[in-house]
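Visitor: mind folding the following:
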Amino acid sequence: MINYERRRKIIIAAIAVVAVIFVFFIYALIKNTVSDNNKPQVPDVSRTALLSTDSDNSIVMSARGELINEEDYDSYQITISPSVRSVIIMKGYNQDILKRYEYSNNKKAYEQFVYALDKLNITDSRNLSETENDTRGVCAKGSLKSYSIASSGSIIKNVWTSSCRDSKGSLRSNSSDIESLVKNQLPAEALNALPRL
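Guide: You can find the predicted model right below:
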């Protein structure tokens, strides 16, 4: 009889402990859910900068070819801002300027352009370590392209990709769509002068 009473008390105590733990777990779960919903949403700084049509904002595309001799090494840079579209074509590793083109732009055209880049997810990127994000020597037998969102001369975000399978870079989105959109901002004169990289 004593064993039965003792067993019954132990079972009741165990059930009570499990019930308390369960209630505490439910309380913690509800509290975390409510606090997560009340947390202020942190704005994506790079997306905000991308969509801004302030006069000192710009999108910069840089491209370079395979890592070959000084005389044949090609690179170029396209910069699109609310007021200017410019192209610089360079030769050699010191980036001596071969040709420069400059055209006017306007805020309405720039707005359409940056919203199109946003729809192509240009700010969607992989998190790379400092070593992985170092593009020196990357894709020696192919091309490398990078896209920067700049404001007042400072780079807010930079993403890159290469034509080499083992060096995908930080850009998650489709590079060829983004490249095509950037190049489509240029008239034929500048577009035809770009090296094929």
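Visitor: can you list the residue ranges for strands in the chain?
Guide: Secondary structure of the chain, counting by DSSP state E: strands at 57-64, 74-80, 84-91, 96-104, 144-151, 154-162.
Visitor: output those in JSON lines; the columns should cover mean pLDDT, distance to residue 121 and mean neighbour count.
Guide: Where you see a C-beta, it was placed from the backbone N, CA and C, and this is true even at glycine. Conversion of the strands of the chain to JSON lines gives the following (pLDDT from 0 to 100; distance: least, C-beta to C-beta, whole Å; neighbours: other C-beta atoms under 10 Å):
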{"stretch": "strand 57-64", "mean pLDDT": "98", "distance to residue 121": "14", "mean neighbour count": "21"}
{"stretch": "strand 74-80", "mean pLDDT": "98", "distance to residue 121": "18", "mean neighbour count": "21"}
{"stretch": "strand 84-91", "mean pLDDT": "98", "distance to residue 121": "23", "mean neighbour count": "19"}
{"stretch": "strand 96-104", "mean pLDDT": "98", "distance to residue 121": "27", "mean neighbour count": "12"}
{"stretch": "strand 144-151", "mean pLDDT": "97", "distance to residue 121": "11", "mean neighbour count": "21"}
{"stretch": "strand 154-162", "mean pLDDT": "96", "distance to residue 121": "10", "mean neighbour count": "19"}
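Visitor: nearest to residue 122, of the ones you listed?
Guide: When those are compared for distance to residue 122 using C-beta to C-beta, the nearest one is strand 144-151, at 6.0 Å.
Visitor: output the closest one as PDB, nothing but the C-alphas.
Guide: Taking Å, rounded to 0.1, in the frame of the first residue of the first chain, the C-alpha atoms of strand 144-151 are listed here in PDB:
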ATOM      1  CA  LEU A 144      35.600  39.300 -64.900                       C
ATOM      2  CA  LYS A 145      32.700  41.700 -64.500                       C
ATOM      3  CA  SER A 146      31.800  43.800 -61.400                       C
ATOM      4  CA  TYR A 147      28.800  46.000 -60.600                       C
ATOM      5  CA  SER A 148      28.900  48.800 -58.100                       C
ATOM      6  CA  ILE A 149      26.300  51.000 -56.500                       C
ATOM      7  CA  ALA A 150      28.000  54.300 -55.600                       C
ATOM      8  CA  SER A 151      26.900  57.400 -53.800                       C
END
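Visitor: okay, now the domains of the chain?
Guide: Partitioning the chain according to automatic domain parsing yields domains covering residues 1-39, 47-193.
Visitor: got a markdown table for the strands of the chain, with distance to residue 46 too?
Guide: Output for the strands of the chain, formatted as a markdown table (distance: least, C-beta to C-beta, whole Å):
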| stretch | distance to residue 46 |
| --- | --- |
| strand 57-64 | 12 |
| strand 74-80 | 16 |
| strand 84-91 | 22 |
| strand 96-104 | 26 |
| strand 144-151 | 6 |
| strand 154-162 | 4 |
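Visitor: and these: which comes nearest residue 188?
Guide: strand 96-104 (11.0 Å).
Visitor: could you list the paired strands of that closest one along with their orientation?
Guide: Note on strand 96-104: by DSSP bridges, its sheet partners are strand 84-91 (antiparallel).
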